[in-house]
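Chemist: Fold the following for me, if possible:
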Amino acid sequence: MNRAPNMLERGPTQLFHPADPTRTESKLVQRLAFLVGLVAFGLPIILAAGSNFGGSCFRDSISHFYYAQFLGTVFVGLLYFIGGFLIAYTGDTFFEDTLSSVAGAGAFIVASIPTLGIGCEDRETFLSRVFVEVTSGPPITVAEAPYQGFFNLFSSASNWHLIAAGILFIYLGLYCLIVLKRVVPERHEKNGVLIESKRKRNRLYTICGITILACVAALYVKDKFGTDFVDWWNSLNLTFFVEAIALWAFGVAWFAKGRTFPKLNDT
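Modeler: Next up is the predicted model:
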């Protein structure tokens, strides 16, 4: 008896439908998908581990690691890798290609335009990169850059950063829920029934997509609960951990897309 699929297992059959349904992903795309998943999964771990060395600190959010002397370069470089992949990734349809490029541009903005604030309120002293005005001298003097703070590239930088981060994470969540879950009958059905490997992958994609969007919602609503709640939230560095969970969910989804899990692969 044919088993009726549920919402966790079934994706769209027409939306984002490829022009050539018989074409499967190349080994190169699968390898790149695995690397993107690896970067997304590893970035929070690298930043958290590195915060214990070199006079740095464990910052309030992943974005605040932009200001770390060594880890800031790691943060920017890995985000540029993800952004470059999303822009280069053509997908199967025009809309998929376009939306992927927009998300890639969002990753570039998140990496290039830093968030506002030091992110290290629990430490009296720490090493950091800042925006300052240097007078070559003699004598050489360093002062806070005019019209901006030590941790502010320009007046609206934080808004640019937040909007780009929102676009990037929302895209990642919807990509899991819509594009990765899509069902191409020529590839994913046998005798009109969804094959078991695709059914299992779609369950995983659903969990990953919902997790990412839930993290976005949590980051959005936290500021609505007042200053005391935000201070408590920042004291536990919860923004970092929520962002890490979203990145891990994204990484797991792309591990599956890169055919990393043998039990989820099509025969």
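
Chemist: how distant is the host helix or strand of residue 163 from the center of its chain?
Modeler: Assessed by DSSP states H and E, residue 163 sits inside helix 157-174. Its chain's average C-alpha position is 9 Å from that of helix 157-174, according to Cα atoms, centre = their mean, to the nearest Å.

Chemist: Need the residues that contact that helix.
Modeler: Where contact means Cβ atoms under 8 Å, 6 or more residues apart in numbering, the residues beyond helix 157-174 that reach it are 63, 99-100, 102-103, 105-107, 109-110, 113-116, 152, 209-213, 215-216, 220, 246, 250. For every residue, glycine as well, the C-beta is placed using N, CA and C.

Chemist: Filter those down to the ones in helices?
Modeler: For the contacts of helix 157-174, membership in helices holds for 99-100, 102-103, 105-107, 109-110, 209-213, 215-216, 220, 246, 250, with DSSP state H as the criterion.

Chemist: out of those residues, which are buried?
Modeler: Neighbour counting with 16 or more other Cβ atoms under 10 Å marks 99-100, 103, 105-107, 109-110, 209, 211-213, 215-216, 246, 250 as buried within these.

Chemist: Where in the protein is the helix or strand with the lowest mean pLDDT?
Modeler: Taking mean pLDDT, DSSP states H and E as the measure, helix 185-188 is the helix or strand of the chain with the lowest mean score, a mean of 79.

Chemist: Note down every partner strand of the helix or strand that comes right after it and its orientation.
Modeler: Next helix or strand after helix 185-188 toward the C-terminus (DSSP H and E): strand 189-190. The strands that strand 189-190 pairs with in its sheet are strand 193-194 (antiparallel) (by DSSP bridges).

Chemist: Give me the mean pLDDT for the partner strand.
Modeler: Mean pLDDT, strand 193-194: 86.

Chemist: Distance from the chain centre to it, please.
Modeler: Between the centre of strand 193-194 and the centre of its chain there are 31 Å (Cα atoms, centre = their mean).

Chemist: just to revisit the earlier point, just the buried positions in the least confident helix or strand of the chain, please.
Modeler: For helix 185-188, burial by neighbour count (16+ other Cβ under 10 Å) applies to residue 188.

Chemist: Please apply the same query to stretch 64-74.
Modeler: Those would be 64-68, 71-72, 74, for stretch 64-74 by 16+ other Cβ under 10 Å.

Chemist: Just the residues contacting that stretch, thanks.
Modeler: Contact partners of stretch 64-74, identified using Cβ under 8 Å, 6+ apart, comprise 43, 46-47, 50-51, 54, 56, 59, 75-76, 111, 114-115, 117-120, 127-130, 151, 240.

Chemist: By neighbour count, sort out the buried ones in those.
Modeler: Buried members of the contacts of stretch 64-74, counted by 16+ other Cβ under 10 Å: 43, 47, 50-51, 56, 59, 75-76, 111, 114-115, 117-120, 128, 151, 240.

Chemist: If I follow the layout properly, residue 198 ends up in contact with residue 185?
Modeler: No - using Cβ atoms under 8 Å, residue 198 makes no contact with residue 185, being 10.6 Å away.

Chemist: list the residues that contact both of these two?
Modeler: Joint contacts of residue 198 and residue 185 (Cβ under 8 Å, 6+ apart) do not exist.

Chemist: What average pLDDT does whichever strand or helix holds residue 133 get?
Modeler: Following DSSP H and E, one finds residue 133 within strand 132-135. On average, the pLDDT along strand 132-135 is 85.
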